[in-house]
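Asks: fold the following, please.
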Amino acid sequence: MQDLQAAKDIVRRHHADLIAPGITAEDALAAHTGPDYLWRGFHPFGALRSAQQVARQFWTPLKSSLTAMQRREDVFFAGRNQMDGFNGIWVVSMGHLMGLFDEPFLNIPPTHKITMLRHCEFNRVADGKIVETAMYFDLPHLMVQAGFDPFPGQTAAQLVQPGPQTHDGLLLAPQPADEGAATLAVINRMIGDLGQWNSGLSLEDELRQTWAEDMLWWGPTGIGATYTIPRYARQHSGPFRAAFSDRSKTTHIARLAEGHYGGFFGWPNFTARLTGDFMGHAPTGETGEFRVIDIYRRDGDKLAENWIFIDLLHFWKGQGDDVLQRLADGDL
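Replies: Coordinates of the predicted model:
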């Protein structure tokens, strides 16, 4: 637990420096990251392999666009990574980066109004430094706030999404080890039950094995948020399964839990072939990558809430629809 608490402290200092007045992004990253720092970000950034690259390509432009930035954090926890035999320590932070949208960002025009960039990050800490980060963010959500609709006709609700219903997602203090183990066990059962789409049960009964009946699924812009097992099955999971085939096995870089919260990310998590209509697009027959972060809240022996980040811009570019280019061309 002491190692987890020390890692949390490092990440919190880093987060404070990144938005502190008078501290540049380059200085903040140099102070808290290791020499071989690896940062993975959603399209169009991809994998960057130095703190200087991350500062210049992502943080400095973002801070120039979202002025007076605040970190509105909803979930914060740490844990040891199941995927490497519970050796590596990762610290997870989820919420919104909020600011005044005063300058363009990736050709998204400013609104000069309060704007919130939904995001989640996993930070691996070793030898007192952050050595690896997965920084996933919902750029289509930013586009919607600027008055654009990159994915018309989404099946679930478009919202500025809240944190946990229980308002207890900031795990600043140590948590009982058995609670984290219980959360990770439910997540692993869910992955085993649902990961290959071949349980033989109805979709709703599959979900009931590991999900609460009043589950909340906070999905990305383009898909949306949905509530209860029947509506989730109708508004996302059913349409998704109907649209894709040849789904690969699930692979994760990190999977961990602490207390009642847990999650994972992959690069990619899985691949699947688009053989049906999805998100207003006709089938292409092409296989695409799904880069995903999932964050979960457990209630008892079931998953009660799930926040999902999917790199839809990367996926659709691979299917022939470059949304950022359409925005730059004035076709969005």
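
Asks: part of a helix, is residue 191?
Replies: Yes. Assessed by DSSP: H, G, I helix; E, B strand; the rest coil, residue 191 belongs to a helix.

Asks: got a list of what it touches?
Replies: If you count contacts by CB atoms under 8 Å, 6 or more residues apart in numbering, residue 191 has them with residue 250. All C-beta spots, glycine's among them, are computed from the backbone N, C-alpha and C.

Asks: give me the distance between it and residue 2.
Replies: Using CB to CB, to the nearest Å, one gets 30 Å for the distance from residue 191 to residue 2.

Asks: quick one: which helix or strand includes the residue lying farthest from the centre of the chain?
Replies: Most distant residue from the mean C-alpha position of the chain: residue 200, 29.5 Å away (CA atoms, centre = their mean). Using DSSP states H and E, residue 200 sits in no helix or strand.

Asks: before we move on, what about residue 320?
Replies: Under DSSP H and E, no helix or strand contains residue 320.

Asks: likewise residue 187?
Replies: Counting by DSSP H and E, residue 187 is found in helix 177-194.

Asks: name the residues of that helix that come out as buried.
Replies: For helix 177-194, a neighbour-count test (16 or more other CB atoms under 10 Å) marks 180, 182-184, 186-188, 190-191, 193-194 as buried.

Asks: and what of stretch 288-302?
Replies: Neighbour counts over stretch 288-302 (16+ other CB under 10 Å) mark 288-299, 302 as buried.

Asks: how about the residues you listed in TSV, adding distance to residue 158?
Replies: Compiled in TSV, the buried residues of stretch 288-302 are given as follows (distance: CB to CB, whole Å):
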residue	distance to residue 158
288	23
289	24
290	21
291	21
292	19
293	19
294	20
295	19
296	22
297	22
298	27
299	26
302	26
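
Asks: from the chain's centroid, how far away is the helix holding residue 187?
Replies: Here helix 177-194 is found 19 Å from its chain centre; the criterion is CA atoms, centre = their mean, to the nearest Å.

Asks: how about the helices in the stretch 1-150 of the chain?
Replies: For the stretch 1-150 of the chain, the helices defined by DSSP state H, counting those that start in this stretch cover 2-19, 25-32, 51-54, 60-65, 139-145.

Asks: swap that for the stretch 201-332 of the chain, please
Replies: Secondary structure of the stretch 201-332 of the chain (DSSP H, counting those that start in this stretch): helices at 203-208, 229-232, 238-243, 312-318, 323-328.

Asks: output these as TSV; include the columns mean pLDDT and distance to residue 118.
Replies: Putting the helices of the stretch 201-332 of the chain into TSV (pLDDT from 0 to 100; distance: least, CB to CB, whole Å) gives the following:
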stretch	mean pLDDT	distance to residue 118
helix 203-208	93	24
helix 229-232	97	19
helix 238-243	94	20
helix 312-318	98	13
helix 323-328	96	17
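
Asks: so for residue 36, which of those sits nearest?
Replies: Smallest distance to residue 36 across these (CB to CB): 24.1 Å, for helix 312-318.
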